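Chemist: mind folding the following:
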Amino acid sequence: MPLSLQAIHLLAETPGPATLVVPGGRPRAAEGALTGPLTLASLAALRFDTAIIGCCGLTAADGLTAYDLDDAAVKKAAITSARRVIAAADGSKLGHTAHAHVGPATVVHTLVTDLTAPSDEVTALEDGGTVVRTV
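Modeler: Prediction:
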């Protein structure tokens with residue numbers, strides 16, 4: 001289930017074997033991410049094999065964080081409804097903490113990042129059980 005207007009638009013244009021399910025909610029002006037009670041209710045009503053979560057910050061100590069409280073609530077709901085969590089974060093997000101807590105680093109099964117990721121933070125996340133894939 002895509003949680004942004006941009007993702008909904010892209011997935012709707014690409015025919016495939018999966019059925020596109022769109023949550024309710026209020027789009028945030030900055031990036032079109034859906035938030036609010038309708039989004040939270042949609043996520044709570046479903047279960048996912050995998051949730052792919054972006055973040056504003058990720059550290060082994062502070063976990064996943066976001067800048068927006070509503071965005072953090074949606075990420076928490078997606079994580080709660082998923083069996084597995086993949087975090088996608090470029091290296092600038094690792095070792096950085098934003099003010100809205102999403103969850104501990106241990107909820108992240110796999111982190112996909114780039115070559116700029118700080119090696120000490122990558123090691124700390126791996127020591128905590130997160131599989132790190134660099135692309």
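Chemist: I'd guessed Leu34 sits against Gln6; true?
Modeler: No. In terms of C-beta atoms under 8 Å, Leu34 does not count as a neighbour of Gln6; the distance is 10.9 Å. Every C-beta, even on glycine, is put in place using the N, C-alpha and C of the backbone.
Chemist: and the two? Which one has more around it.
Modeler: Legend: neighbour count by other C-beta atoms under 10 Å for Leu34 and Gln6, higher for Leu34 (26 against 12).
Chemist: on the pLDDT front, check the more buried one for me.
Modeler: pLDDT, Leu34: 91.
Chemist: what does Thr97 give?
Modeler: Note for Thr97: predicted pLDDT of 98.
Chemist: could you count how many residues lie near it?
Modeler: 15.
Chemist: could you list every residue that touches it?
Modeler: By C-beta atoms under 8 Å, 6 or more residues apart in numbering, the contact set of Thr97 is 57, 59, 62, 65.
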